[in-house]
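Engineer: Here is my input; please provide its structure:
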Amino acid sequence: MFAGLLALVTASAFAGAAFYINIVEQPARLGLDDKNLLAQWKPSYARGAAMQASLAVASGSRWIVVETWGRLHAVRTGLGIAAALAYLRALS
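Structural biologist: Okay, here's the model as predicted:
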């Protein structure tokens, strides 16, 4: 039971963080000019790399055009939400 709850909590935390990035941070970034967008995105991505290391390896590249990265992050958000719902269903 503990392993299931831990899986639910971690999947939910990831899904929530990914959702926040899609809804709040990515649209705000796209409002910047290219120089400032890249200046903000690089350290943000570097800090998130620890949490998303496996996803970065799976994508095959760290250097993705920011609009493409946003679309890929939307997929990650959907997968995170799906995982959280699957764990919730398994626990109920």
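Engineer: tell me which element the nearest residue to residue 29 once chain neighbours are set aside falls in.
Structural biologist: Taking CB to CB, 6 or more residues apart in numbering as the measure, residue 29 lies nearest to residue 37, with 5.5 Å between them; neighbours along the chain are not counted. Just so you know, the C-beta spots here come from the backbone N, C-alpha and C atoms, and that holds for glycine as well. Assessed by DSSP states H and E, residue 37 sits inside helix 34-48.
Engineer: Kindly report the same for residue 73.
Structural biologist: helix 66-91.
Engineer: tell me which residues in that helix are buried?
Structural biologist: Burial within helix 66-91, assessed by neighbour count using 16 or more other CB atoms under 10 Å, is assigned to 66, 69, 70, 73, 76, 77, 80, 81, 83, 84, 87.
Engineer: cool, and stretch 29-37?
Structural biologist: For stretch 29-37, burial by neighbour count (16+ other CB under 10 Å) applies to residue 29.
Engineer: what pLDDT, on average, does that stretch get?
Structural biologist: Here the mean pLDDT over stretch 29-37 is 89, rounded to a whole number.
Engineer: now do stretch 48-55
Structural biologist: 64.
Engineer: Adjust the sequence numbering to begin at 18 for everything that follows.
Structural biologist: All set: I'll call the first residue 18, so the last point we hit is now stretch 65-72.
Engineer: for the helix or strand hosting residue 33, packing partners?
Structural biologist: Under DSSP H and E, the secondary-structure element containing residue 33 is helix 19-37. Contacts of helix 19-37 with other secondary structure elements, assessed using 3 or more CB pairs under 8 Å, 6 or more residues apart in numbering; DSSP states H and E, are made with helix 83-108.
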